[in-house]
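A.B. asks: Coordinates for the following, if possible.
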Amino acid sequence: MAHRGFSHVGLATADLEATRAFYEGVLGFEPVRQDILKVSEGGQVDHVFYDTGGAQLLAFMAPRDIEGFPEFDAGINRGLGLPDGMIHFAFEAGSPEALRAKRQELADKGVKITDVVDHDGWCESIYFKDPNGIQLEYCCLVRELTPDDARPQVRAEISMRGRRR
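C.D. replies: From the prediction side, this is the model:
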């Protein structure tokens, strides 16, 4: 069977209203499917799927009024005690020009966002967080990848100081 990309990535949120406001109002993603899953013991799970492009979806599930459901940190990295960015999701920007335009669009909407980061000449990215604290990225390739890119090799040195929240 051929690889066809992701069907969807599923995430949890404790605040579906803030999540929807961000993904619909700020990022401009359209909801394409919404479900209410009734829980037989009481309560429900609200489930919304967003079209992120290329027939790939991003889904959020939000528990509501479910007795005994644990409190959780939807920021993933925080909840696991990992440095920011270890677990993150990157959306395709398409081109360096589109990446810069997306950065300006997000900044104009009040999103705290990094400058454009050049990753050793193979791609460029911008980073920001959603209301859950999930690390997000827009990224674009700036050259074709080669077989040498697939070979493990030291390419950079980073510091983990100050990366934990």
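A.B. asks: For the helix or strand of the chain with the lowest mean pLDDT, buried residues please.
C.D. replies: Lowest by mean pLDDT, DSSP states H and E among the helices and strands of the chain is helix 77-80, with a mean of 90. By 16 or more other Cβ atoms under 10 Å, the buried positions in helix 77-80 come out as Asn77. Heads up, the C-betas are built off the backbone N, CA and C, glycines and all.
A.B. asks: Sketch out the helices for the chain, chain order is fine.
C.D. replies: Taking DSSP state H, the helices of the chain run over residues 16-20, 77-80, 96-108.
A.B. asks: if we can go back for a sec, give me the contact list for the least confident helix or strand of the chain.
C.D. replies: Helix 77-80 is contacted from outside by Phe72, Asp73, Pro83, Asp84, Gly85, Met86, Ile87, His88, Gly133, Gln135, Arg165, using Cβ atoms under 8 Å, 6 or more residues apart in numbering.
A.B. asks: Which among those residues count as buried?
C.D. replies: Buried, going by 16+ other Cβ under 10 Å: Pro83, Asp84, Gln135, out of these.
A.B. asks: mind listing what the last one touches?
C.D. replies: Taking Cβ under 8 Å, 6+ apart as the definition of contact, the neighbours of Gln135 are Ile76, Asn77, Asp84, Gly85, Ile87, His88, Phe89, Tyr127, Lys129.
A.B. asks: okay, those in TSV with distance to Thr52 next?
C.D. replies: Shown next, in TSV, are the contacts of Gln135 (distance: Cβ to Cβ, whole Å):
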residue	distance to Thr52
Ile76	18
Asn77	20
Asp84	22
Gly85	19
Ile87	17
His88	14
Phe89	9
Tyr127	17
Lys129	17
